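Peer 1: Sequence below, structure please.
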Amino acid sequence: MDTIPAIGARFGAPSPTPVRDIFDIPLFASMPEASRERLLAAARIERVAANSTLFSAGEHASDLHVLLRGMIDIACSYRGKHCTAMLMTSGDVLMLGSPLYNEPYLVSAETLTPCRIMQIDAALVRDEAKRSPELAFAIARLLAGHWRIALRIILDLKCRTPSQRLAAFLLRLHDSCPPGTVAHIPIAKRQLAARVGMQPETLSRTLQVLGQNGLRVRGRQIIVVDREKAEAFCGPDPYPGSREDELGVHAL
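Peer 2: Below is the predicted model:
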């Protein structure tokens with residue numbers, strides 16, 4: 001287990017998009033200094049191996065989880081079928097509503113990559129939120145960001161075909177990479193299929209269709225050959241003007 005660094009210190013070794021400073025997380029950056037210091041004094045940081053379960057559906061939240069580095073699958077299982085709801089990435093606060101309101105999780109969380117996670121006692125977070133209007137407002141902003149992401153995914157399922165969803169998701173991964181870097185799919189293809197709601201066995205055929213419509217995948221590399229054609233193939237865009245990053249949400 002790691003100890004919490006001082007405010008403003010750097011977090012850990014380099015990774016694709018790690019949280020490097022506590023002020024990179026809007027929830028902490030916008031709360032009063034006294035609240036921030038109390039929460040960080042009680043926080044602990046753990047390195048968690050890939051394919052580890054952080055919590056399961058039905059379990060009561062004992063801690064608030066903040067993902068400093070890595071990617072986590074937020075999902076549920078039904079009759080043996082794995083259903084991915086969203087993928088949370090570096091800087092995300094995991095399923096805030098459960099620790100904030102002492103409710104059971106509706107979903108499970110499993111690490112897809114090695115992760116670095118900050119954990120803070122849920123009761124302490126609730127106490128600080130009651131005494132600090134600034135923290136309560138920051139939490140409300142974060143919950144609004146989570147709702148926007150959830151609504152994006154709902155509209156994606158309602159308004160696009162599976163092949164359109166795959167193309168749109170790959171474009172989003174491509175656009176989220178820093179300029180000048182090569183875009184890669186950061187998860188296994190079976191996990192990619194689960195995220196966009198298609199059967200794994202149809203993924204390869206769908207990727208061939210995408211290749212004929214301006215978007216190619218070579219191994220895990222995402223190549224945009226014809227942007228206009230790829231965007232046209234994606235179909236309706238029910239959520240233009242993404243602002244979730246500004247709300248502190250980086251989920252995919």
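
Peer 1: any low-confidence regions in the protein?
Peer 2: Within the chain, the segments meeting pLDDT under 70 span 1-21, 238-243.

Peer 1: Can you give me the distance of C76 to K189?
Peer 2: Distance, C76 to K189, by CB to CB, to the nearest Å: 21 Å. (C-beta placed from N, C-alpha, C; glycine too.)

Peer 1: Give the buried residues for the lengthiest helix in the chain.
Peer 2: Ranked by number of residues, the top helix in the chain under DSSP state H is helix 133-159. Within helix 133-159, the residues that qualify as buried are 135, 138-139, 142-143, 145-146, 148-149, 152-153, 156, counting by 16 or more other CB atoms under 10 Å.

Peer 1: I'd like the residues you listed written out as JSON lines, with distance to T84 added.
Peer 2: Shown next, in JSON lines, are the buried residues of helix 133-159 (distance: CB to CB, whole Å):
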{"residue": "L135", "distance to T84": "31"}
{"residue": "A138", "distance to T84": "28"}
{"residue": "I139", "distance to T84": "25"}
{"residue": "L142", "distance to T84": "21"}
{"residue": "L143", "distance to T84": "21"}
{"residue": "G145", "distance to T84": "19"}
{"residue": "H146", "distance to T84": "16"}
{"residue": "R148", "distance to T84": "18"}
{"residue": "I149", "distance to T84": "13"}
{"residue": "R152", "distance to T84": "14"}
{"residue": "I153", "distance to T84": "10"}
{"residue": "D156", "distance to T84": "13"}
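
Peer 1: any idea whether V249 is helix, strand or coil?
Peer 2: Under the three-state scheme (DSSP: H, G, I helix; E, B strand; the rest coil), V249 adopts coil.

Peer 1: Find the nearest non-adjacent residue to it, please.
Peer 2: G145 (3.4 Å; CB to CB, 6 or more residues apart in numbering).
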